[in-house]
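J.: Predicted structure and sequence below. I'll ask about it afterward.
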Amino acid sequence: MHLVKRRKSKEAEIKRINKELANIRSKFKGDKALDGYSKKKYVCKLLFIFLLGHDIDFGHMEAVNLLSSNRYTEKQIGYLFISVLVNSNSELIRLINNAIKNDLASRNPTFMGLALHCIANVGSREMAEAFAGEIPKILVAGDTMDSVKQSAALCLLRLYRTSPDLVPMGDWTSRVVHLLNDQHLGVVTAATSLITTLAQKNPEEFKTSVSLAVSRLSRIVTSASTDLQDYTYYFVPAPWLSVKLLRLLQCYPPPEDPAVRGRLTECLETILNKAQEPPKSKKVQHSNAKNAVLFEAISLIIHHDSEPNLLVRACNQLGQFLQHRETNLRYLALESMCTLASSEFSHEAVKTHIETVINALKTERDVSVRQRAVDLLYAMCDRSNAQQIVAEMLNYLETADYSIREEIVLKVAILAEKYAVDYTWYVDTILNLIRIAGDYVSEEVWYRVIQIVINRDDVQGYAAKTVFEALQAPACHENLVKVGGYILGEFGNLIAGDPRSSPLIQFNLLHSKFHLCSVPTRALLLSTYIKFVNLFPEIKTTIQDVLRSDSQLKNADVELQQRAVEYLRLSTIASTDILATVLEEMPPFPERESSILAKLKKKKGPGTVTDLEEIKKERSSDMNGSAEPASVNASAVSTPSPSADLLGLGAAPLTNSAPPPASSGSLLVDVFSDSASAVAPLAPGSDDNFASPDLASSEVVSEEPADTVHDADELFHKFVCKNNGVLFENQLLQIGLKSEFRQNLGRMFIFYGNKTSTQFLNFTPTVICSDDLQSSLNLQTKPVDPTVDGGAQVQQVVNIECVSDFMEAPILNIQFRYGGTFQNLSVKLPITLNKFFQPTEMSSQDFFQRWKQLSNPKQEVQNIFKAKHPMDAEITKAKIIGFGSALLEEVDPNPANFVGAGIIHTKTTQIGCLLRLEPNLQAQMYRLTLRTSKEAVSQRLCELLSEQF
């Protein structure tokens with residue numbers, strides 16, 4: 001080997017290697033049998049020559065012969081040669097498998113280890129077929145040594161990853177879980193890796209691992225570094241094992257056992273506490289290990305999304321990393337906070353770091369960190385900070401890297417549309433977007449602004465005036481010309497009274513851009529010109545001259561030529577009435593699925609079932625009533641709400657004056673799925689919401705489910721103060737909800753995700769109401785596809801009308817066939833009376849005056865109860881707002897108390913409600929008092945709200 005290294009040229013090296021290969025070949029073919037040492041030496045040389053990059057086509061049989069040796073060094077070289085050079089399709093595989101079986105049966109731990117390493121390194125299907133049934137027995141055998149157990153666990157993991165169908169699930173699965181209690185931490189680490197991978201596809205088989213993992217994690221995080229000396233890395237006890245245990249726990253929902261759940265919470269709190277302690281070493285290895293455990297713990301907290309206190313603490317901890325000198329830490333902190341922003345419990349805490357994130361956007365050197373900052377701003381955006389965030393993103397867009405400009409444009413367009421209270425601001429924002437980054441503004445974006453203008457009478461004049469002014473710039477992006485041509489063609493008459501924007505000036509302005517545009521834009525402008533003929537008869541002759549010119553009638557492009565000929569003929573022979581009919585103003589666009597959000601999701605990657613847990617949740621104050629709710633009226637079908645999107649992704653490119661038929665659904669739908677169906681916006685007081693022929697009311701039946709309702713109380717109370725999240729999950733199915741309520745109407749989107757790789761057949765979800773509930777609650781559901789492909793997700797829409805107050809909740813029953821087995825489960829749908837709350841602002845005087853009016857004993861319900869959760873004032877405020885009532889500040893003489901007011905809206909009546917919550921921090925108790933004009937309503941609201949604290 002040293003002779004090879006001393007060669008000064010490639011040619012000399014090849015010459016020396018060829019000489020050595022010839023010598024080795026002659027030794028193998030010689031009449032004299034080689035002893036074990038010589039075979040090992042020459043096989044080792046062949047291995048070295050191969051690693052230098054030279055082909056080896058002999059010596060395989062000699063390596064196989066070394067496997068039968070009883071000497072460790074000879075057997076080791078034989079296995080190493082086979083692991084590196086033997087192809088999985090080799091004819092020698094059978095001989096190799098026989099040698100491996102002999103070593104596994106020898107019970108010699110050294111030989112067993114070599115054999116297991118070889119199986120894992122080759123990892124072929126043939127190896128899996130031969131040993132997948134044998135290795136689990138070695139793993140769980142009582143007399144297997146620790147080092148062999150480690151190798152067996154990792155070997156089985158390798159085979160499962162390459163050929164999962166060949167690894168049988170059997171009795172060993174329940175026994176392998178108990179390896180988490182093994183005294184040897186190396187065995188526990190290897191077993192945790194194996195169980196985590198197996199549990200991802202077979203969660204039910206390994207659900208007992210949760211309590212064992214929590215127990216083991218608790219022992220690690222509470223131990224001193226001296227207790228685990230062999231597994232302590234720079235003063236951090238067993239960091240790799242801790243990370244693996246935390247990842248295993250992310251395969252399951254929060255533990256149902258209160259004791260296990262409490263112990264896990266203590267572990268997570270301990271990890272968060274340790275993050276605040278001064279470092280025990282200045283070396284980077286210490287901080288890396290410590291932060292690895294911390295970030296994995298935060299990932300588990302986010303995954304569970306059930307402990308408000310931990311979520312807020314995690315957010316605060318991540319906030320400290322946003323200004324850390326380590327780029328990787330800043331990146332990870334931003335990435336984790338994006339997910340935290342989707343939780344209703346931590347959204348407000350994330351918003352407190354908005355200035356830091358904006359500063360990172362401006363000053364960060366690393367483009368990947370800046371991109372995560374953009375993602376976080378998008379995630380933390382809501383109605384309260386939308387204008388600030390959109391303005392900052394627009395500022396950044398001017399200097400942003402080209403690779404992320406299109407994504408920023410889509411996000412700005414989505415946020416501007418979603419949170420537009422004043423549509424003049426929306427129009428200004430999109431036009432500014434086109435000015436700054438016109439090349440990155442897709443057709444979906446400028447289609448959308450056109451459709452909003454057409455559907456909203458109050459913004460049409462402003463839009464016409466704004467685009468007219470924008471077009472006067474010497475250099476305009478082509479997308480701006482498209483928007484200007486379309487809007488002026490429809491609404492140019494609204495500004496024609498001003499001499500500065502007379503019809504002729506409008507026409508000349510547009511025509512000055514004509515020769516600079518592409519063919520599709522010129523086609524659109526020709527359509528605008530014929531619209532002008534109808535709007536402004538006084539410039540008809542001027543327009544006809546343009547259409548009659550050779551550059552139009554003899555244009556090389558067939559589309560432009562045809563338009564010019566047809567439009568000229570139409571303007572010449574058609575009467576004024578015919579022109580007015582043919583060229584009348586575009587009608588409002590119907591609603592469909594959002595295309596801008598769909599395009600963003602397509603750019604970020606296809607959605608999966610787990611997207612349900614990563615969605616941007618709407619704040620409960622926006623969805624369940626807020627101090628300034630968005631106005632919704634009976635004309636909402638033609639005048640959509642700010643969250644409604646009218647544009648279809650599948651629309652054809654715009655080649656004439658009319659944009660393609662619009663699309664439907666609101667952004668509330670699109671957050672979950674690219675294929676989300678659309679439903680018209682809510683229109684209180686209108687029966688149209690319940691008269692759609694697509695809605696099958698027959699699916700709401702009046703009978704009780706045959707099976708037990710899963711986790712009824714826990715799931716029911718989880719959604720009392722929020723409208724979005726995962727309602728139910730097991731190893732087969734995940735059910736997510738997203739809903740909105742306004743006055744006595746509501747709409748719920750139910751998302752069914754198939755977590756397996758196998759189709760669900762005869763998939764039938766049914767909403768079940770009792771007789772009493774049917775008279776109080778009008779539910780209509782849309783049918784779903786009876787076949788749900790593996791890994792796919794389907795949506796069901798439920799329209800809700802509250803006729804009168806009600807006490808019960810509907811049941812969602814789901815039946816389907818999976819792998820030939822009939823599945824039947826039921827869960828309570830979280831449609832509760834408080835969902836129809838509308839918040840009411842009151843002064844202190846008005847509140848107590850109304851409070852005294854509701855002094856009848858039957859109108860008041862009071863409950864004194866022990867606090868079930870930490871008594872945090874901010875979380876309490878968020879829950880009261882999420883419950884639906886307005887939180888009245890500085891009304892109660894005692895500033896520690898919370899008071900709220902609202903009105904329950906039903907079809908038949910409105911029920912005023914006042915509430916007062918008095919916390920006693922010393923006794924860790926609450927007193928909740930509710931007064932309404934109806935005793936049953938007071939009782940029901942008191943029951944629902946008491947469970948939240």
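T.: Cool, got the structure.
J.: Return the distance of stretch 12-24 from the chain's centre.
T.: From the chain centre to the centre of stretch 12-24 is a distance of 58 Å (C-alpha atoms, centre = their mean, to the nearest Å).
J.: Show me what counts as buried in that stretch.
T.: Neighbour counts over stretch 12-24 (16 or more other C-beta atoms under 10 Å) mark 13, 17, 20, 21, 24 as buried. C-beta here means a position set from N, CA and C on the backbone, and glycine is covered the same way.
J.: Same check on stretch 203-211?
T.: Result for stretch 203-211 [16+ other C-beta under 10 Å]: buried residues 203, 205, 206, 207, 209, 210, 211.
J.: For the fifth one, give me its contacts.
T.: Going by C-beta atoms under 8 Å, 6 or more residues apart in numbering, residue 209 touches 177, 180, 195, 199, 248.
J.: so the second one makes contact with residue 189?
T.: It refers to residue 180. No - using C-beta atoms under 8 Å, residue 180 is not in contact with residue 189, being 10.1 Å away.
J.: Between the two, which is the more surrounded one?
T.: residue 180 (24 against 21; other C-beta atoms under 10 Å).
J.: any idea what sits nearest that one, other than its immediate chain neighbours?
T.: residue 212 (4.1 Å; C-beta to C-beta, 6 or more residues apart in numbering).
J.: Tell me which helix or strand that neighbour sits in.
T.: helix 209-221 (DSSP states H and E).
J.: can you check residue 931 too?
T.: Using DSSP H and E, residue 931 sits in strand 925-932.
J.: Which residues belonging to the helix or strand following that strand are considered buried?
T.: The helix or strand immediately downstream of strand 925-932 is helix 935-946, counting by DSSP H and E. Buried residues in helix 935-946, counted by 16+ other C-beta under 10 Å: 937, 938, 939, 940, 941, 942, 943, 944, 945, 946.
J.: Out of the buried residues of stretch 203-211, which comes closest to residue 555?
T.: residue 203 (64.8 Å; C-beta to C-beta).
J.: Roughly how far does the closest one sit from residue 753?
T.: Remark: distance between residue 203 and residue 753 (C-beta to C-beta, to the nearest Å) = 14 Å.
J.: Residue 307 now?
T.: From residue 307 over to residue 753 the distance is 24 Å, taken as C-beta to C-beta.
J.: For these two, indicate the residue with more neighbours.
T.: When residue 307 is set against residue 753 and neighbours are counted by other C-beta under 10 Å, the residue ahead is residue 753, at 25 against 20.
J.: pLDDT weak spots in the stretch 651-800 of the chain?
T.: Counting by pLDDT under 70, the stretch 651-800 of the chain has low-confidence residues at 651-716.
J.: Strands along that one, start to end?
T.: Taking DSSP state E, counting those that start in this stretch as the test, the strands found in the stretch 651-800 of the chain are 700-701, 724-729, 733-742, 745-754, 760-768, 777-781, 793-802.
J.: For residue 349, find the nearest of those.
T.: strand 724-729 (17.7 Å).
J.: C-terminal to the helix or strand encompassing residue 425, what's the next element?
T.: Per DSSP H and E, residue 425 falls inside helix 423-437. Using DSSP H and E, the helix or strand that follows helix 423-437 in sequence is helix 443-455.
J.: Looking at that next one now, give me its mean pLDDT.
T.: Averaging pLDDT along helix 443-455 gives 85.
J.: Return the set of buried residues in the helix or strand that comes right after that helix.
T.: Downstream of helix 443-455, the next assigned helix or strand under DSSP H and E is helix 457-471. Neighbour-count burial for helix 457-471 flags 459, 460, 462, 463, 464, 465, 466, 467, 468, 470, 471 (criterion: 16+ other C-beta under 10 Å).
J.: Pull up the gap between the residue lying closest to the second one once chain neighbours are set aside and residue 461, please.
T.: Think residue 460. The shortest distance from residue 460 to any non-neighbouring residue, by C-beta to C-beta, 6+ apart, is to residue 491 (4.6 Å). Residue 491 sits 7 Å away from residue 461, going by C-beta to C-beta.
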